[in-house]
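[1] Okay, predicted coordinates and the sequence, questions at the end:
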Amino acid sequence: MASHLKNLSDFSHTTVPSGKNYRFGIVVASWNAEVTGALYKGAYESLLKYNVAERDIISIEVAGSFELIAAADQLLDNRDLDAVICLGCVIQGETRHFDFICNAVANGLANVGLKHTKPVIFGVLTTDNQQQAMDRAGGKHGNKGTEAGITAIKMAALKLEFK
Ligand SMILES: Nc1c(NC[C@H](O)[C@H](O)[C@H](O)CO)[nH]c(=O)[nH]c1=O
Ligand SMILES: CC(=O)[C@@H](O)COP(=O)(O)O
């Protein structure tokens, strides 16, 4: 659903399972740091809110959204995690570079998740301008970082349904 139609950060707390005993990675891109910092705050605080221990959260910062792919892959190669949250903000510039970055990151992160059979949460804003990004990083359209954190917990809990 388009964000402007509903604040996607409005969710029922009763449907979020406990995150206790799950381990999460958060990878955050430094490009557009004012936005990605707010996304990170939302994701981190959402994990704590649902009982994830601070010791069970490993955070990594990378240069740009394109580097989220390699970092998520390396995290899952080297750490036993239940999910990895990837946060970035790609804002349209003058050239088609935006298109290549957005497509590469979306496809790359999806493939990392499939490679490791682990949830890799796509918390990357892809906006026309800075205002749209700010609106989705704690503004009028909520915080996509918060949504990513909650999605990570829900996906981690999902595996229990298959046992
Ligand atoms: N323009 C944005 C970028 N560009 C940088 C790339 O993500 C990457 O770091 C570079 O191509 C070197 O590999 N990254 C963002 O996260 N957001 C942007 O708006
Ligand atoms: C998404 C980008 O890399 C983009 O912001 C870079 O800007 P430009 O297309 O003007 O070089």
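    Cool, got the structure. Ligands and ions are numbered 1, 2, ... in the order given.

[2] Buried ones in stretch 122-135, by neighbour count?
    122-127, 132-135 (16 or more other C-beta atoms under 10 Å). To be clear about C-beta, it is placed using only N, CA and C from the backbone, and glycine gets the same treatment.

[3] With stretch 112-124 instead?
    112-113, 116, 118-124.

[4] try stretch 71-89
    Buried, per 16+ other C-beta under 10 Å, within stretch 71-89: 71-73, 75-76, 81-89.

[5] Cys89 reaches Thr36, doesn't it?
    Yes. With contacts defined as C-beta atoms under 8 Å, Cys89 counts as touching Thr36 at a distance of 5.3 Å.

[6] so what's in contact with the two at the same time?
    By C-beta atoms under 8 Å, 6 or more residues apart in numbering, Cys89 and Thr36 have these common neighbours: 29, 137.

[7] picking up where we left off before, inside strands: which ones of the buried residues of stretch 71-89?
    The strands, defined by DSSP state E, take in 83-89 from those.

[8] Now do the contacts for the nearest residue to Asp73 once chain neighbours are set aside.
    What sits nearest to Asp73 in space, not counting adjacent residues and going by C-beta to C-beta, 6 or more residues apart in numbering, is Val112, at 4.9 Å. By C-beta under 8 Å, 6+ apart, the contact set of Val112 is 69, 72-73, 76, 84, 120.

[9] of all those, which comes closest to Asp99?
    For the contacts of Val112, the closest approach to Asp99 (C-beta to C-beta) belongs to Ile69, at 16.3 Å.

[10] Now do the closest one against Asp128, distance only.
    The gap separating Ile69 from Asp128 is 23 Å, by C-beta to C-beta, to the nearest Å.

[11] and what of Asp135?
    Counting by C-beta to C-beta, the gap from Asp135 to Asp128 is 11 Å.

[12] For this protein, what lies in contact range of ligand 1?
    29, 31-32, 63-67, 88-91, 101 (C-beta under 6 Å from any ligand atom).
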